[in-house]
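[1] Would you be able to build a 3D model of this:
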Amino acid sequence: MEFLVYKVIRLFFLLLGLIPETVAEKMANGIGGVWYRRDKRHREVAIKNMTTAFGREMSKEEILALSRRAFNHVALVPFEMGRSLRWNWPELRARFRIYGIFHLKAAHAKGKGVLVLTCHMGNWEFLPVSMGATGYQISAVYRPLDFKPMDRFILEMRERFGCRMYPTKKAVKGIFKELEEGNAVGLLSDQNAPKPHQSVFVDMFGKTASANNGIAQLALTTGAPVIPYFVARDGRFVRGEFGPEIPLVNTGDFEADVRTNTQNFSYAMEKMVRKFPEQWFWVHNRWKTRPKDEAQG
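    Here you go, the predicted model:
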């Protein structure tokens, strides 16, 4: 039964991918508009998040307009996923524009593997395939979906151009193996981290946020360089952009260094979001977990 459901899911996305791009954009805008009006909870989360991030630089009207565009952006993601299922290697390379690849090359040359810091920007499902287009061996960590047929479909889509995916609960061994072999490992680290032993509080857009501390621990333990990377829609192309290596602070005080480096990674992600602000996943409650000494809200 699971296999049959998986086949139906795959067929659904293939059919979505047959819709011409201009038509798909209009449909996504319509779906996004309905979603924005009907889904009060996520609308309020998005507006609250954007007010936190841009309230000092944008008017209320500008924030509302940005939030509407963000919903349209997310609604377009499934259409793009379906379209990408038909891409082969030449089509993939023609569709993507990768910038800053020299940053990846320089980090890779150090021979310690590379930790690629990334976030839910653009169509984040393009992260594995776009990094694979660089010519370097790429792997990534993911959280498996509870719905197994959908999980199978997503995993196959991410791995089809050579990216090796490691589920979160079994990822540590795989990450060390990839780094020892000099490969790059992509790690999403822009969402709320609720577990105290896996997180530290950092500043993000001027407000305290709970951030996963795993990348800082890995970098300090292995010496692997950390570089930021994101994807975003850029006209008719998908823009993939690597940033310069984020200098690792290593004073010998491991706990303090984890906090400092996680903060620096947060600043790097904030820079990513500012480049294409409507394309971040604003409907996630990024600032949900609060410090104990702060009132909830």
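
[2] Please, where are all the strands along the stretch 101-250 of the chain?
    All strands of the stretch 101-250 of the chain, identified by DSSP state E, counting those that start in this stretch, fall at 114-118, 138-142, 164-167, 184-188, 199-204, 207-212, 226-234, 237-242.

[3] Okay, now the unreliable bits of this protein?
    Within the chain, the ranges that satisfy pLDDT under 70 run 295-297.

[4] the helices in it, which residues?
    Ranges of helices in the chain, per DSSP state H, are 2-17, 21-38, 40-54, 60-84, 89-95, 101-108, 127-132, 148-159, 171-180, 214-222, 254-275.

[5] quick revisit: between the strands of the stretch 101-250 of the chain, which one is closest to K148.
    Closest of these to K148 is strand 164-167, at 12.6 Å (criterion: Cβ to Cβ). Heads up, the C-betas are built off the backbone N, CA and C, glycines and all.

[6] most neighbours per residue, which of the helices of the chain?
    Among those, the stretch with the highest mean neighbour count (mean count of other Cβ atoms under 10 Å) is helix 127-132, at a mean of 25.

[7] Quick one: distance of it to the chain centre.
    Distance of helix 127-132 from the chain centroid (Cα atoms, centre = their mean, to the nearest Å) equals 12 Å.

[8] on contacts alone, who are the packing partners of it?
    Under the contact definition 3 or more Cβ pairs under 8 Å, 6 or more residues apart in numbering; DSSP states H and E, helix 127-132 sits against strand 138-142, helix 148-159, strand 184-188, strand 226-234, strand 237-242.

[9] Roughly how far does V34 sit from N72?
    From V34 across to N72, the span is 11 Å (Cβ to Cβ, to the nearest Å).

[10] before we move on, what about G32?
    4 Å.

[11] The helices and strands packed on helix 127-132: which one's closest to S84?
    helix 148-159 (7.5 Å).

[12] Does anything pack onto the closest one? Which helices or strands?
    helix 2-17, helix 127-132, strand 138-142, strand 164-167.

[13] would you turn those into JSON lines with distance to E80?
    JSON lines is the format used below for the helices and strands packed on helix 148-159 (distance: least, Cβ to Cβ, whole Å):
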{"stretch": "helix 2-17", "distance to E80": "8"}
{"stretch": "helix 127-132", "distance to E80": "11"}
{"stretch": "strand 138-142", "distance to E80": "18"}
{"stretch": "strand 164-167", "distance to E80": "19"}
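
[14] and E156, which of the ones you listed is closest to it?
    helix 2-17 (8.4 Å).

[15] Let me know the angle separating the closest one from helix 60-84.
    Helix 2-17 and helix 60-84 meet at an angle of 110 degrees, taking axes from the mean of the first three to the mean of the last three Cα atoms, to 10 degrees as the criterion.

[16] Distance from helix 2-17 to the middle of the chain?
    Averaging C-alpha positions (Cα atoms, centre = their mean) puts helix 2-17 24 Å from its chain's average.

[17] what about the closest residue to L117 other than its chain neighbours, how many neighbours?
    Leaving aside its sequence neighbours, L117 sits nearest to P228 (Cβ to Cβ, 6 or more residues apart in numbering; 4.8 Å). For P228, the neighbour count with other Cβ atoms under 10 Å is 22.

[18] Tell me which residues touch P228, please.
    By Cβ atoms under 8 Å, 6 or more residues apart in numbering, the contact set of P228 is 116-118, 242-243, 246, 265, 268-269, 271-272.

[19] Rebuild those residues as a markdown table, extending it with distance to F96.
    Shown next, in a markdown table, are the contacts of P228 (distance: Cβ to Cβ, whole Å):
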| residue | distance to F96 |
| --- | --- |
| V116 | 16 |
| L117 | 19 |
| T118 | 15 |
| F242 | 13 |
| G243 | 17 |
| I246 | 23 |
| F265 | 24 |
| A268 | 21 |
| M269 | 21 |
| K271 | 21 |
| M272 | 17 |
